[in-house]
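Student: Next come a sequence and a model predicted from it.
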There are 4 protein chains.
Amino acid sequence: MPASYAYLGPEGTFTEVALRTLPEAATRELLPYVSVQSALDAVRAGEAEAAFVPIENSVEGGITTTLDELVAGEPLMIYREVLLSITFALLVRPGTQLSDIKTVTAHPAAQPQVRNWLRANLPDAVWESAASNADGARLVQEGRYDAAFAGEFAAARYGLRALETGIHDAENAQTRFVLVGRPARPAAPTGADKTSVVLWQRDDHPGALRDLLGEFATRGINLMLLQSRPTGAGIGNYCFCIDAEGHISDRRVAEALMGLKRICLQVRFLGSYPRADIRPGQERTALPGTSDQEFLAASDWVARCQDGRFQ
Amino acid sequence: MPASYAYLGPEGTFTEVALRTLPEAATRELLPYVSVQSALDAVRAGEAEAAFVPIENSVEGGITTTLDELVAGEPLMIYREVLLSITFALLVRPGTQLSDIKTVTAHPAAQPQVRNWLRANLPDAVWESAASNADGARLVQEGRYDAAFAGEFAAARYGLRALETGIHDAENAQTRFVLVGRPARPAAPTGADKTSVVLWQRDDHPGALRDLLGEFATRGINLMLLQSRPTGAGIGNYCFCIDAEGHISDRRVAEALMGLKRICLQVRFLGSYPRADIRPGQERTALPGTSDQEFLAASDWVARCQDGRFQ
Amino acid sequence: MPASYAYLGPEGTFTEVALRTLPEAATRELLPYVSVQSALDAVRAGEAEAAFVPIENSVEGGITTTLDELVAGEPLMIYREVLLSITFALLVRPGTQLSDIKTVTAHPAAQPQVRNWLRANLPDAVWESAASNADGARLVQEGRYDAAFAGEFAAARYGLRALETGIHDAENAQTRFVLVGRPARPAAPTGADKTSVVLWQRDDHPGALRDLLGEFATRGINLMLLQSRPTGAGIGNYCFCIDAEGHISDRRVAEALMGLKRICLQVRFLGSYPRADIRPGQERTALPGTSDQEFLAASDWVARCQDGRFQ
Amino acid sequence: MPASYAYLGPEGTFTEVALRTLPEAATRELLPYVSVQSALDAVRAGEAEAAFVPIENSVEGGITTTLDELVAGEPLMIYREVLLSITFALLVRPGTQLSDIKTVTAHPAAQPQVRNWLRANLPDAVWESAASNADGARLVQEGRYDAAFAGEFAAARYGLRALETGIHDAENAQTRFVLVGRPARPAAPTGADKTSVVLWQRDDHPGALRDLLGEFATRGINLMLLQSRPTGAGIGNYCFCIDAEGHISDRRVAEALMGLKRICLQVRFLGSYPRADIRPGQERTALPGTSDQEFLAASDWVARCQDGRFQ
């Protein structure tokens, strides 16, 4: 197994920063790839041990490129997630003042986050899109633009200075990244985990989707993400990417997955892994009757009934 | 274990006739008891191997005396059920003509079944209640009444003649009887089985009972009986006697019982036993996703996911 | 309309006591009838304005005679309910001591309530059943038995003395009575009401009963009583007598009844009337989205959408 | 009201072709706009009567730009939908042979649909992206590229010839377009209609989304689209764009919308309009109890009960 992680490049973007928050990243070679697809294909081809890619952000929702790669093709699994708050710095060459700025650049995805700030502070600046935020910083270094919106961490790399930091139009702007590898045993449960699956409905009678969600609800399992993706079989044909709380080794999650397996046309298990938003001990109180202990007690009771032992 | 069956007496009633339809009854001593309670207590005390009592009829519904005995006290289990069509014969002493009949007798429970016939055929006859249909026949033999409504089989025992047979106001008049014993391993599944339970709700929020029934419904399990019985904790406090299709060794039934065990305050398993209304092979087609095979496949799939083996 | 109320007699029973707690009873002639059926038939025949009968008690559950009369035949409606705590007095002729008592009597329904007291205080007394508790008191007056269990109020009528009062094996022993009349406009809502219906299912697919209860649950309506009664169409064919919180003029109840009317084979409305167990202002907090105000706002919003007015 | 329709331009794209299938388009001025946002803003500003934009395709799913515009900002409503099968022609300058083609161009969205064809027929051709398919055709006309993938209809406009037609990797490749206007009375029901709404959940307890979908399911209403979109309140906060069968003037749809209005934090009605995939008379058989007639009968029955008239 090559000791390397592929990630959505180039270097110096939020993705790399997020990846470096993982302790295990320190011991791997980190390889930037030009696309989510190419990073994941590197894993499938055995060229990388895992790939680190964005999967959801608070502005765009589920990132469809990543979801569609996980939904189709050779199966992959998620082993870790990272949440990164996204705030921008305005990077300039040393000496540049705010009043000097006539042109700004960044990746188009940055625009919704800096639009209000621009309107208030640089109403006359001309915006030009860059291939990535890191690339925008490089173009400022080269003198092509006066300023770039990028992560503050990019300043050092490109010899720039942050005129302003913490720029973010939307509160709570975050991006969720996942570490994806070939299918293997999931990480051990921590007590605050998440399970990802893809579901294809068997048919579309009224209530089919409700019944499917009922497999989670009746076992007290919250959903964090429900994203429909087209199956390619024509308008109106969707599968569903779902993130649910809990770990596949939790009884309630295992039984919910069994129920889905029985009533769905197809289920793809995408992994169980530690939640990045809360720590063990911070999860919500389970609904009555949904703890592992209660599942085991109930299973034991049924076995006793089947055997005719004292109830 | 004493080789005897207790039953609700006296001799010569429908209960005895139903009991004798069981092959195993031929090899036991059959002991009549004066009440359901005394017959069941004989089993609890070890004086009888099993007791045979009526539990449901198409006119009265669930027979509350029997249900309440199964709900409370030392646990018992149902091992067999028998369905008997209930039609009455009009029994008279030899020589009596229809026009001679001035007085008729039978157990009060017979009245709803013969009322229309009486109105049409003996509108002026006076009705007197008897302690049992068999006792009514005895009183006719003794000359106390002119005629008795009873099972046709009672004629020979009391030296009477059936002036008319097949009397039944309601079509489909049937009584269901059960053979009850001390808790032990249920009878093996036959493919057309029934499972009986008693459920006590944990609380009574809106939808509590719906959720409870949902444990059956989401697994495609039909209910045959739902009878509420007071818990004794005051007006409005009920437990529920439920007969559901399937056997506790069926995966879908076992999982439904586990679910009930988790969400109910208390569950009492009353047994899984062959259905008397249909034979193996006649059961309805199971809903998609609820067969044993599908349960096993789903369980196996989850285990493979947990282990990281190929999905 | 005759200014009289029929009730289940004879005089001097708990039923009469409960009836007299209704203010309107003071202005009617109160006529005892020998059975629930005859009292209700008097209403159907126009001989009485209303009938007052027991419908549920905490020991027996729903009283099937009354339920079956309401389920079948010419429709009737419930206009009031009364809850009466049932405790017994031991009535004796003046001068009788506890140690003198060799025989006791009462209606058989009293037995579960006094059994423990008898065992503790009069273990050797012989029990004989009476046709009613009032009749038992009369038989003590006539010297046939030494003591009778009856309501304390019966002592005066029969020249007896209460040796002991407040006898009740089960805590919270109560009987619920209803005032039944011919169909008319229900009593005005008080804010703490109850609605009674009878439901016949259209079919018995798995989940049919759950869906039916879902019409209440999804609108946050609690159930107080769910009692199955046979339809007469054979074993396993039941209709359901349901008491639900709220008044038919409450939007959530009206919509639930509409839903039931659509999905059931048949629905019989048995009335909306003030609850006897709580007073207006004591009801539970309604679930979000189920108040009349929210129903009206939602209805108004849909009307605006249909008309193309500002949402 | 200006007699013009804005649409997502430029001219000569599938959007324009789809728009021209609407009879009413023949009597309006059709104005191309550079983006979905600018087309919809033209409607909001009163510069155009309506805007015609793509909303869903069988490869990408819901088109998020359009959905997000409908979810937020000043409310708009959908009045019509059009389905267009998407197949591509390979357009070249007259005289060009397949073997001459070294470079091809098209909008990036065309790529998934022509990739297989390219691999099989022009494995060595270099792909360059164009701003739109129409723009690609123009660049071929100008000699910048050898061939463009575009709708066959674009050939005439740009003086090109279709070397190959009907190119589509995915079967059933379709795009759905909608005609969007300011809020007004919806189009009259046709018997085969669709209703679009946006839902914001009140909270996220387990089962919240299931309950929300239950408002449709219990009334037998199928869903055609369920697409989550971020609310901007941080990772994991979604609203849901839903297309359901039926018209807001159908009783079952109106009642479902009322239910959603009551239990959701917010509901935005996006319109009821004729379905493009089926014609009146082709819709599925309604579930028992969900027809307008049954709703009216149930409503009438409740009104009679409320008034005390014969049931």
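Tutor: That came through fine. Residues are numbered from 1 along each chain as shown, chains lettered A, B, ... in the order given.

Student: Where is the longest helix in chain A?
Tutor: As assigned by DSSP state H, the longest helix anywhere in chain A is helix A:292-307.

Student: Now that helix: buried residues?
Tutor: By neighbour count on 16 or more other C-beta atoms under 10 Å in any protein chain shown, the buried set for helix A:292-307 is A:Asp292, A:Glu294, A:Phe295, A:Ala298, A:Ser299, A:Trp301, A:Val302, A:Cys305, A:Gln306. In this view, the C-beta of every residue, glycine as well, is placed from N, C-alpha and C.

Student: Please work out which residues outside that helix touch it.
Tutor: The contact list for helix A:292-307, computed with C-beta atoms under 8 Å, 6 or more residues apart in numbering or on different chains, reads A:250-252, A:255, A:288, A:310-311, B:185-186, B:248-249, B:254, B:257-259, B:261-262, B:267, B:269.

Student: buried subset of these?
Tutor: The neighbour-count test (16+ other C-beta under 10 Å) marks A:250-252, A:255, B:186, B:248-249, B:254, B:257-259, B:261-262, B:267, B:269 as buried among these.

Student: and these near chain C, which?
Tutor: When C-beta under 8 Å from any C-beta of the partner chain is applied, no member of those is adjacent to chain C.

Student: Between the residues you listed, which sits nearest chain C?
Tutor: Checking the buried ones among the contacts of helix A:292-307 against chain C with C-beta to the nearest C-beta, the nearest one is B:Gly259 at 13.1 Å.

Student: check contacts around the closest one.
Tutor: Contacts for B:Gly259 were tallied using C-beta under 8 Å, 6+ apart; they are A:Thr218, A:Ala298, B:Glu215.

Student: show me what contacts the last one?
Tutor: The neighbours of B:Glu215, taking C-beta under 8 Å, 6+ apart as the test, are A:Thr218, B:Ala256, B:Gly259, B:Leu260, B:Ile263.

Student: Quick check: the gap between it and B:Phe240.
Tutor: Per C-beta to C-beta, to the nearest Å, B:Glu215 is found 12 Å from B:Phe240.

Student: How about the second one?
Tutor: Relative to B:Phe240, A:Ala298 is positioned 18 Å away (C-beta to C-beta).

Student: what does A:Ala131 give?
Tutor: For A:Ala131, the distance to B:Phe240 - C-beta to C-beta - is 66 Å.

Student: Looking at these two, which is more packed in?
Tutor: For A:Ala131 versus B:Phe240, neighbours defined as other C-beta atoms under 10 Å in any protein chain shown are more numerous around B:Phe240 (21 against 14).

Student: Name the nearest residue to the more buried one, ignoring sequence neighbours.
Tutor: B:Leu199 (4.7 Å; C-beta to C-beta, 6 or more residues apart in numbering or on different chains).

Student: tell me which element the closest residue to A:Ala286 other than its chain neighbours is part of?
Tutor: With sequence-adjacent residues excluded and distances taken as C-beta to C-beta, 6+ apart, A:Ala286 is closest to A:Gly220, at 5.9 Å. Assigned by DSSP states H and E, A:Gly220 belongs to no helix or strand.

Student: So which bits of the stretch 51-200 of chain A are right by chain D?
Tutor: A:56-62, A:64, A:83, A:170-176.

Student: Can you turn the buried part of these into a ChimeraX selection?
Tutor: The buried residues among these can be selected in ChimeraX (16+ other C-beta under 10 Å) with this line:
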select /A:56,57,58,59,60,61,62,64,83,170,173,174,175,176
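
Student: Can I take it that A:Arg252 is in a helix?
Tutor: Yes - under DSSP: H, G, I helix; E, B strand; the rest coil, A:Arg252 sits within a helix.

Student: quick one, what contacts it?
Tutor: With contact set as C-beta under 8 Å, 6+ apart, A:Arg252 has these partners: A:Arg219, A:Gly220, A:Ile221, A:Gly246, A:Ala286, A:Thr290, A:Ser291, A:Asp292, A:Phe295.
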